[in-house]
Structures are given as C-alpha cells and as structure tokens.
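> Curious how this folds, go ahead:
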Amino acid sequence: MSLIYAHKLNKFYPQVASNKQRVKGMFNILFSRSDVNGKQVLKDISFEVFKGESLAIIGKNGAGKSTLLKILAGVIQPTSGDFTINGRIGALLELGSGFDPEYTGLENLKMSAAMFGLTGKEAKEKISKMVEFADIGDYVNEPVKNYSSGMVVRLGFSVITQTKPELLITDEVLAVGDEGFQLKCLNWIADYLKQGGTLLLVSHSVYHVQKLCSKALWLEEGGVKQSGDVFSVTQAYQESIAGNNAFPSGDTVNRSTYHIHDVSITCQDVDVDEVPFGSDLKLTAKVYSPDGKMPGISIGIVTHAGIPIYGTYSELHQANPYLDDGGYVTYDLTMPKLKLLPGLYEFRFHTMTPENIQMIDTFEKELRVTGKTRELGCCQIETQWK
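Coordinates of the predicted model:
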C-alpha cells in the first residue's frame, strides 16, 4: 500500500473583487462552470509515494510546489481530485506555522508535545531533547515573535526530531539558518530515511534534492512536466533553465552507457578516506563506454553542508583518458599539495555525453582532511603579509 496516493489534484483560485463575486465564483466552481476568472495553480497532479521513499518536488517559483504540499498537509483543500495519506504527518511549511508568536519557545514546545499525545515523563524527556536540538540558548524562554527566521526553523525542526512522523513534509527549511544547523538537519533526515521514514521535499537546492531524494516530480505552470529518477529529472530541469535543450524528442541516451563503474581517491597509491592537509591526491574514475567514444567527466568538491567550493571538467583541460579493450575509459586527476582546510568534504563525479551536453551518471565520495590551522574558510590561498 502506498503512503501517499494523489489522483488528478486541481487547485483553482477565483479572481474576485467583492463578496458577491466571491460567492458567485465559488458557486461556479462547485457546479463546474467554465466561465470563472482566476488562476489554475495545480492541474491534474497524480503521483504515488511508498513507505521509505523520498520524493523531491522541484520547479520554478509559482509552479505550484508549496500549494501541493499544503494540500497534502491538510492546510488547504483541493478544488477537485482526491488523495490519501496512510500515516502520521510531520510538516514544516511556512516559517512559524503552528507556533503562537505570543508564547515562548518552551511553551510552544509543550503545546506541540501535547498535540502529539505526549504526556508526563515522556513529554518532559522529549521536550528536553527538543530544546537541546534547537540550541537557541535563553531565547527558548522568549516569545517566538522575537525570534529570527533561523531560530523559528530550529524550533520547528526540533519538534519533528522527537515526534518521528511516518511522513515528513518540508518546504525549503534547509534554505534558512546557519551552515552548522543545516548540516545537523541533513544528518537527521539521512538517519530518518535509513530507519524507514518517508520524505516529501520542496527545495531549489539541486544538491540537497540529489543528496536526500531518490525520485523527483518536476512541476511547471501547475502541471507535471516530468517525474522519475532524481538525477534524470533534475538534469532535465537544469537544462531547461539554462535553455540547453540540445536533445530533440526521441534522441535519448541509454543510461547504461557512460555510467561510472568505479571511483577511487588515493594518496601515495593507497585508497584513502582521510588525508592530512597538504597531501598529494590522485582521483581516478572508470567509466563504461561500449561505443568507444570518450565521455566527458566533471569533478566538483562541496563542503559536507553542500556549499560548492571547486569544480573542473575533462574538456577544460583536454584530458587524454585511457580506453581499455573492455570498453572502460579511465580518467586520472592529480591534486598536488591539497589546499583544502581541515574538514569533511564530498567529491562529486559526473559523467557527460561525449558532446558534454547531457549529464548521465553521478558518484559521490567523502574525504576528511585532517590537521590544525587557525585559517578560516574551505581552502588555503597563498598570501604574503608585510
């Protein structure tokens, strides 16, 4: 049984200038009259999500993403269509929704615990953990109306961590708050998914979408433009934004071609997942190419919180990869005296078609850089003080 089932969801907002027009508009909608002025926000949205799956909803501003989440969370009703949700929902939508701004953060946490049926010793323990996760110090005893947007998100997310919903619905919450808290939330969501949780995520961050979700639903002007594997959908979405629709209908690439077979990060010819600052690194990617063509490959480095700090690609440096008899192309990239400051990083490998137009496959590998320094940021830049 699916956890979310949505069938032909529509949402229409009539355009009205008076109470009389509002009543007339609603009457026309109820009786399916076509002569109604207004805006069709959602158009025949249908999809299914099963327990343990993670679905991203992507699209430009105004595509209908937030409206769809509000319908699924029970905040608003669809104009037509139906949906079922077989599980307890935890929703993080608009900033501050569900909190009384006149009450303190602690009082709001107590009310949230009560709404989830927590009482007595269990409630006390859960609230204590919420306060610890939110980590807003003495502000927990201040009215929520005095909070910054980041503090409100901290409070809201802390409730989710202790109520453990079967379905987590979240709208751009990772776009607010400092890097440390974003990482904290990402780690919690990753653990939540590993334990069988289900996620419905709206985000403009392709990194977060690809990191957290296995499937994606792309909305455009209220309708479904594309759905399926998260990498296929996000790549098509990015190409659309860039105006880079180089492949006409029917001219698609087999995903088994140019897929990444293996990736390694070595230091002194030894595979590593941790290196001292300043080490010599070698990155190797083995890509399947049965047609003998040379696919492109790009390599990006991001912080563990998803902030991009470096990117390069084979065509830029006219790489000369090796093609073996089995149809595998091997790319080597050396990084002498690695300048990344101590911390945890993700190396992201992407294969492209030989024309370097369409992304085919993605592979991620973590690397921890160790050492001691008082320098700030992500990488060391050679400087001279006088």
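
> For my notes, confirm residue 155 occurs in a helix.
Yes: counting by DSSP: H, G, I helix; E, B strand; the rest coil, residue 155 falls inside a helix.

> Could you count how many residues lie near it?
26 (other Cβ atoms under 10 Å). Quick note: C-beta positions are derived from backbone N, CA and C, even for glycine.

> Wait, it touches residue 147, no?
Yes: here residue 155 reaches residue 147: they are 7.3 Å apart, a contact under Cβ atoms under 8 Å.

> okay, and the common contacts of these two?
Residues touching both residue 155 and residue 147 (Cβ atoms under 8 Å, 6 or more residues apart in numbering) are 105, 136.

> which residues sit in contact with the residue lying closest to residue 328 once chain neighbours are set aside?
Excluding the flanking residues, the one nearest residue 328 by Cβ to Cβ, 6 or more residues apart in numbering is residue 286, at 5.3 Å. Shown in contact with residue 286 (Cβ under 8 Å, 6+ apart): 260, 261, 262, 263, 328, 329, 330, 331.

> at 7 Å instead, please
261, 262, 328, 330 (Cβ atoms under 7 Å, 6 or more residues apart in numbering).

> Surely it is in a strand?
Yes: assessed with three-state DSSP, residue 286 lies in a strand.

> Quick check: bridge partners of it?
residue 262, residue 330 (DSSP bridges).

> And it, how close does it get to residue 373?
As judged by Cβ to Cβ, to the nearest Å, residue 286 and residue 373 stand 34 Å apart.

> Is it correct that residue 139 falls within a helix?
Yes: assessed by three-state DSSP, residue 139 belongs to a helix.

> Closest to residue 139 out of the contacts of residue 286?
Comparing those against residue 139 with Cβ to Cβ places residue 262 closest, at 48.8 Å.

> Could you give the number of residues near that closest one?
Applying other Cβ under 10 Å, we find 12 residues neighbouring residue 262.

> Local confidence estimate at it?
Here the pLDDT value assigned to residue 262 is 90.

> list the contacts for residue 50?
Residues in contact with residue 50 (Cβ under 7 Å, 6+ apart) are 2, 3.

> Contact partners for the closest residue to residue 349 other than its chain neighbours?
Counting by Cβ to Cβ, 6+ apart, residue 349 lies nearest to residue 363, which is 4.4 Å off, once chain neighbours are set aside. Remark: with contacts taken as Cβ under 7 Å, 6+ apart, residue 363 is in contact with 260, 263, 349.

> For this structure, spot the helix or strand the model is least confident about on average.
helix 19-30 (a mean of 59; mean pLDDT, DSSP states H and E).

> All the strands of the stretch 101-250 of the chain, in order from the start?
Using DSSP state E, counting those that start in this stretch, the strands of the stretch 101-250 of the chain run over residues 167-171, 198-202, 215-220, 223-229.

> So which other helices or strands are in contact with the longest one?
I take that to be strand 223-229. In terms of contacts (3 or more Cβ pairs under 7 Å, 6 or more residues apart in numbering; DSSP states H and E), strand 223-229 is packed against strand 38-50, strand 215-220, helix 230-242.

> Adding mean pLDDT and distance to residue 142, write these out as JSON lines.
Output for those, formatted as JSON lines (pLDDT from 0 to 100; distance: least, Cβ to Cβ, whole Å):
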{"stretch": "strand 38-50", "mean pLDDT": "92", "distance to residue 142": "37"}
{"stretch": "strand 215-220", "mean pLDDT": "95", "distance to residue 142": "38"}
{"stretch": "helix 230-242", "mean pLDDT": "80", "distance to residue 142": "40"}
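
> Could you identify which of these is most buried?
Among the helices and strands packed on strand 223-229, strand 215-220 has the highest mean neighbour count (mean count of other Cβ atoms under 10 Å), at a mean of 22.

> and that strand with strand 223-229, angle?
Strand 215-220 runs at 160 degrees relative to strand 223-229, counting by axes from the mean of the first three to the mean of the last three Cα atoms, to 10 degrees.

> Offset the numbering so it begins at 73, please.
Noted, 73 is the first residue going forward, which turns the last one into strand 287-292.

> Could you check how far strand 287-292 is from the centre of its chain?
Chain-centre distance of strand 287-292: 12 Å, with Cα atoms, centre = their mean, to the nearest Å.

> swap in stretch 294-303?
Distance, centroid of stretch 294-303 to centroid of chain: 14 Å (Cα atoms, centre = their mean).

> do stretch 338-348 as well
The answer for stretch 338-348 is 30 Å, by Cα atoms, centre = their mean.

> so for that stretch, what's the average pLDDT?
Averaged over stretch 338-348, pLDDT sits at 94.

> buried residues in it?
Applying a neighbour-count criterion of 16 or more other Cβ atoms under 10 Å, the buried positions in stretch 338-348 are 338, 339, 347.

> on that earlier part again, reformat the strands of the stretch 173-322 of the chain as JSON lines; add distance to residue 312.
Formatted as JSON lines, the strands of the stretch 173-322 of the chain follow (distance: least, Cβ to Cβ, whole Å):
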{"stretch": "strand 239-243", "distance to residue 312": "22"}
{"stretch": "strand 270-274", "distance to residue 312": "18"}
{"stretch": "strand 287-292", "distance to residue 312": "8"}
{"stretch": "strand 295-301", "distance to residue 312": "8"}
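
> can you tell me how far the residue nearest to residue 400 sits from residue 260?
Using Cβ to Cβ, we find residue 358 at a distance of 34 Å from residue 260.

> One more: residue 306?
For residue 306, the distance to residue 260 equals 23 Å [Cβ to Cβ].

> can you list the weak-confidence ranges in the chain?
88-109, 166-169, 245-249, 314-328, 428-430 (pLDDT under 70).
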